[in-house]
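Q: structure of the sequence below:
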Amino acid sequence: MIEVSEEAQLAIQQMIQENEGSNLFLRVGIEDGGCSGLSYSLKLDDELSDEDEVLQYESFNVAWDKRSIEFLEGIKIDYTNQGMVGGFTIDNPNARTTCGCGASFRTATYRGKSQKCD
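A: You can find the predicted model right below:
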């Protein structure tokens, strides 16, 4: 299960409204890369595939590829707004190592393919 905090839900709702997309949902994923080996991907999307799992919230859905669930199971997505900076954060109980900025990780069973962070 993927959990989305109230703050993150409000931020996602606002992003969807700003993009005027009643069909938009939050897609959560992982990709090889980042200094720890795996990077998170959060984006608005409007197309589901047969390989997707969907979690419904009151005003939007969250989708992820079934192959990613072993890396995403139990994550908590939050949103912080601190002064002039802020953004989404992900607390992942599957991560054994994370980078300093929190954008990439590795698990006990998969190291990914490390790449220099942008």
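Q: in the protein, which spans are strands?
A: 3-4, 25-32, 38-45, 52-56, 61-65, 76-82, 85-91, 95-98, 104-107 (DSSP state E).
Q: ranking these by burial, who's on top?
A: Each of the strands of the chain was scored by mean neighbour count; the highest is strand 104-107, a mean of 22, by mean count of other Cβ atoms under 10 Å. All C-beta atoms are positioned from the backbone trio N, CA, C, and that covers glycine.
Q: quick one on the thing from earlier: and the strands of the chain: which comes nearest residue 18?
A: Proximity to residue 18 (Cβ to Cβ) singles out strand 38-45 among those, at 9.7 Å.
Q: show me what that closest one packs onto, helices and strands only.
A: When contacts are defined as 3 or more Cβ pairs under 8 Å, 6 or more residues apart in numbering; DSSP states H and E, strand 38-45 packs onto strand 25-32, strand 104-107.
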